[in-house]
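Enquirer: Here is the input, now give the coordinates:
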Amino acid sequence: MNFRDTLKINSAGHLEIGGADTVDLAEKFGTPLYVLDCAYIEKVAKAFFDTMKSGYGEGGVAFASKAFSAAAIYKLIGGLGLYADVVSKGELYTALSGGFPAERVVVHGNNKLDYEIDYAVEKGAGYIVIDAFDEGGRIDAAAKRYKKVQKVLVRVNPGVEAHTHEFVRTAKDDSKFGFSIKNGDADAFIKSVFKYENLEFCGLHCHIGSQIFDRQAFSLAAGVMTDYIKRLRDLYGITVNVLNLGGGFGVHYTSKDPLYTADDYAGYVAHLTAALKENVAKKDIKKPFLLIEPGRSLIAEAGITLYRVGAVKDIKGIKKYYAIDGGMFENPRYVMYRSEYSAIIANKANEPFSETVTLTGKCCESGDMIAVDILLQKAARGDIAAVFSTGAYNYSMSSHYNGNLTPPVVMVKDGEAEYIVKPETCEDLTRNHVIPSFLK
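Expert: So this is what the prediction gives:
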């Protein structure tokens, strides 16, 4: 557990987040319940943003929407001066519904559909990141229809892969994302962009991985990308004005991961920007406008999920299960990735962690687990379990599997809690269902 001022055990012995007692939250809003700590999001976002401005100057921080897309989140990050990256019409629509300025939106996607391109151009998205050979012509055609010149970035594969504590530089060309620098695809495509009258080539995008803790991975990416910027200038006279180095900054899930603070994330940005400035000076290239795209690191640890414990099943000598009222329908990450989490019994938070248990969901799947073989307090039916670091890729990946409803989301700050996503009803679940005439 990565405790902080706004995530702690209070005088009642309960888990508290954002000044609100989690037991009270569970009673008021029900369970399962996603809870977001507004102050923590603000603190980490400010650390990224301020360090970008002080350490580099011309640059921006784009929230990776896929981590958590909700109108209130866009309202919050928009007010903090951030950009947002989106990967679908739905995410862009949600951002705009939250009052987010379209000119600070970066549109991604390896297979953008025609209606998504059309919507992005129509609404005035700041940048569209080209990720496929035919996208240049399709974006140009949409821009022509709306009598606009659309700014674009080209996603390239720099041959740097990073994940968790390790990174490698590879010659890997096989990826669903980006154009390979190594095999010449990136050169060929970038040159082709200039034939389109309604496109403005602004620069490059890359992304080297996720859950990265080794800062040297970002230094290596900065080196490779500035080498490529120099190559484009020297060989073709092409100027890169914008460099987007993506995201992937790691967060704390379990004791295997570092305990980071907002200052540690500021250190990430300081390290990255110093490496980029050094490379720019050494290679005598134009200093690009720098974008980075943190998602998980802005919101994962801001979120917890509250559950009520149901059945307790102790299979002697094998495993002890605490069944909860959630499951893979609101957190599919264990089923998908074998992701690990830390947890606590919120109403017994100051009691010893004395039981090795597995938190299992209510779905009709034997693999429906949330946390496997973790230490917890001894719990009984009715107790409140809190799982940490669930702000990213939980709500955004939720489903209606087994006819379960997506839990509501509340945001807390200074002890106040309000919905940012209201509870679903069974009517919501069947709202778009219709019975065809031949079954009547």
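Enquirer: where exactly do the strands run in the stretch 251-400 of the chain?
Expert: Under the criterion DSSP state E, counting those that start in this stretch, the stretch 251-400 of the chain carries strands at the ranges 289-292, 303-315, 319-324, 343-345, 355-360, 369-376, 384-388.
Enquirer: among these, which is nearest residue 146?
Expert: In terms of CB to CB, the element of the strands of the stretch 251-400 of the chain nearest to residue 146 is strand 289-292, at 24.0 Å. For the C-beta atoms, the positions are set from N, CA and C on the backbone; glycine is no exception.
Enquirer: Which neighbouring elements make contact with the closest one?
Expert: helix 38-55, strand 59-64, strand 242-244, helix 262-283 (3 or more CB pairs under 8 Å, 6 or more residues apart in numbering; DSSP states H and E).
Enquirer: Could you provide the ones you listed in JSON lines, with additional columns for distance to residue 343 and mean pLDDT?
Expert: Listed next are the helices and strands packed on strand 289-292 as JSON lines, based on distance: least, CB to CB, whole Å; pLDDT from 0 to 100:
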{"stretch": "helix 38-55", "distance to residue 343": "18", "mean pLDDT": "97"}
{"stretch": "strand 59-64", "distance to residue 343": "25", "mean pLDDT": "98"}
{"stretch": "strand 242-244", "distance to residue 343": "35", "mean pLDDT": "98"}
{"stretch": "helix 262-283", "distance to residue 343": "23", "mean pLDDT": "96"}
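Enquirer: Same list (the ones you listed) but as a markdown table, adding distance to residue 141 and mean neighbour count.
Expert: Putting the helices and strands packed on strand 289-292 into a markdown table (distance: least, CB to CB, whole Å; neighbours: other CB atoms under 10 Å) gives the following:
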| stretch | distance to residue 141 | mean neighbour count |
| --- | --- | --- |
| helix 38-55 | 35 | 20 |
| strand 59-64 | 26 | 26 |
| strand 242-244 | 23 | 25 |
| helix 262-283 | 35 | 18 |
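Enquirer: so where is the protein shaky, pLDDT-wise?
Expert: Scanning the chain for pLDDT under 70 picks out the ranges 163-174.
Enquirer: Domains in it, by residue range?
Expert: Domain assignment for the chain by automatic domain parsing gives 7-30+302-429, 38-298.
Enquirer: still on that earlier bit, Serialize the helices and strands packed on strand 289-292 to CSV and add fields for distance to residue 408.
Expert: Converted to CSV, the helices and strands packed on strand 289-292 look like this (distance: least, CB to CB, whole Å):
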stretch, distance to residue 408
helix 38-55, 16
strand 59-64, 21
strand 242-244, 34
helix 262-283, 27
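Enquirer: hang on, the earlier thing: need the strands of the stretch 251-400 of the chain in TSV with mean neighbour count, can you?
Expert: Shown next, in TSV, are those (neighbours: other CB atoms under 10 Å):
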stretch	mean neighbour count
strand 289-292	23
strand 303-315	19
strand 319-324	20
strand 343-345	25
strand 355-360	20
strand 369-376	20
strand 384-388	26
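Enquirer: ok so, going back, any chance of the domains of the chain in TSV with distance to residue 435 as columns?
Expert: Putting the domains of the chain into TSV (distance: least, CB to CB, whole Å) gives the following:
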stretch	distance to residue 435
domain 7-30+302-429	15
domain 38-298	26
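Enquirer: for the ones you listed, which one sits closest to residue 440?
Expert: The nearest among those, by CB to CB, is domain 7-30+302-429 at 20.8 Å.
Enquirer: Quick one: end-to-end distance for that closest one.
Expert: End-to-end distance for domain 7-30+302-429, by CA to CA, to the nearest Å: 33 Å.
Enquirer: likewise stretch 398-417?
Expert: With CA to CA as the measure, stretch 398-417 spans 22 Å from end to end.
Enquirer: so how far is it from its chain's centroid?
Expert: Mean C-alpha position of stretch 398-417 versus that of the full chain (CA atoms, centre = their mean, to the nearest Å) differs by 17 Å.
Enquirer: Give me the buried positions along that stretch.
Expert: Buried residues in stretch 398-417, counted by 16 or more other CB atoms under 10 Å: 398, 401, 404-413, 417.
Enquirer: could you dump these to JSON lines with secondary structure and distance to residue 312?
Expert: Shown next, in JSON lines, are these (DSSP: H, G, I helix; E, B strand; the rest coil; distance: CB to CB, whole Å):
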{"residue": "398", "secondary structure": "coil", "distance to residue 312": "25"}
{"residue": "401", "secondary structure": "helix", "distance to residue 312": "24"}
{"residue": "404", "secondary structure": "coil", "distance to residue 312": "21"}
{"residue": "405", "secondary structure": "coil", "distance to residue 312": "24"}
{"residue": "406", "secondary structure": "coil", "distance to residue 312": "26"}
{"residue": "407", "secondary structure": "coil", "distance to residue 312": "22"}
{"residue": "408", "secondary structure": "coil", "distance to residue 312": "26"}
{"residue": "409", "secondary structure": "strand", "distance to residue 312": "28"}
{"residue": "410", "secondary structure": "strand", "distance to residue 312": "27"}
{"residue": "411", "secondary structure": "strand", "distance to residue 312": "32"}
{"residue": "412", "secondary structure": "strand", "distance to residue 312": "29"}
{"residue": "413", "secondary structure": "strand", "distance to residue 312": "34"}
{"residue": "417", "secondary structure": "strand", "distance to residue 312": "29"}
